[in-house]
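# Please find the sequence and the predicted model below.
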Amino acid sequence: ELFVDFQKVFLAYNESEFAVEDISLQTRQGEFIAIVGPSGCGKSTFMKLATGLKAPTSGLVNIDGKPVTGPLKFVGMAFQAPTLLPWRTTLDNVLLPLEIVEPYRSNFKREHEQYVQRALKLLKTVGLEGYADKYPWQLSGGMQQRASICRALIHEPKMLLLDEPFGALDAFTREELWCVLRDLWTERKFNVILVTHDLREAAFLADTIYVMSKRPGRIVARKENPLAQPRE
Ligand code: ADP
Ligand code: ADP
């Protein structure tokens, strides 16, 4: 029933200091967690450990019941800076992860139309119907970030990692996208790890909030969110 399971995880990039220290953290299937803490405290390092991009110096990382032995495929990611490819339309940007995950599967071409329909449905959900054929420069910052979230979800990942995804947006757009994200998550029940500086954002979105301290990164507090939406 656990999804993320960190047991006494340490990671050092060099010999003098740990970047994260003694991290123990467990999430239930479908849980939305937020990690808050000052910059440099080890949040990105935590993300790398949770996706298999880094192996711990010591300790155990299990995801979905299995030890992590390399980069995980069932992960979607979105970051603060818009990273849409400028020479591709919104639709082709959203489809990109499928081309990376699926190219060697013979059925990719045959199922292409089905993937296009899935992408258009996601774009509609985030309020971007009518923008599928536009290029990134034709979209506002908020619209690019909506498209990035669609791209992160197109291959129906079990886990969504969000690293300050709304940090560059104005307050109004940010809160609108909180609602978009929460609706998507309520409908699909994927696991989410959100890294943010914004306590209001964490309180609005997450079931559980973890606070990391500065150097070396340790989890110093864990709070169940009393405002979390009841789930069945
Ligand atoms: P955050 O995402 O919270 O800003 P990071 O996980 O990026 O924090 O960094 C945690 C600590 O590890 C920082 O002190 C940072 O300087 C150090 N660090 C991060 N990446 C590397 C690396 N590749 N090599 C050496 N030190 C690193
Ligand atoms: P912002 O990030 O600038 O706050 P939003 O993503 O909230 O903008 O978009 C607000 C609305 O403004 C959109 O629904 C869209 O109708 C319109 N809009 C913004 N930028 C553009 C653009 N470059 N082209 C067409 N419409 C746009």
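Noted; the coordinates are in hand. Ligands and ions are numbered 1, 2, ... in the order given.
# what's the nearest residue to the residue nearest the centre of the chain if we skip its chain neighbours?
Geometric centre of the chain, nearest residue: residue 161, 1.6 Å, by Cα atoms, centre = their mean. The spatial neighbour of residue 161 that comes closest, neighbours along the chain excluded (Cβ to Cβ, 6 or more residues apart in numbering), is residue 77 at 4.7 Å. To be clear about C-beta, it is placed using only N, CA and C from the backbone, and glycine gets the same treatment.
# Parallel or antiparallel, list what pairs with the helix or strand harbouring that neighbour.
Using DSSP states H and E, residue 77 sits in strand 75-79. Its sheet considered, strand 75-79 pairs with strand 159-163 (parallel) by DSSP bridges.
# what's the partner strand in contact with?
Strand 159-163 has contacts (Cβ atoms under 8 Å, 6 or more residues apart in numbering) with 3-4, 43-44, 47, 50-51, 63, 72, 74-80, 152-153, 181, 185, 190-196.
# just checking, next helix/strand downstream of it?
Next element after strand 159-163 (DSSP H and E): helix 171-188.
# and that following helix with ligand 2, contact?
Yes: contact of helix 171-188 with ligand 2 (Cβ under 6 Å from any ligand atom) involves residue 173.
# report the angle between the axes of that helix and strand 159-163?
In terms of direction (axes from the mean of the first three to the mean of the last three Cα atoms, to 10 degrees), helix 171-188 departs from strand 159-163 by 170 degrees.
# Helix 171-188: how far from the chain's middle?
Mean-position distance between helix 171-188 and its chain equals 13 Å (Cα atoms, centre = their mean, to the nearest Å).
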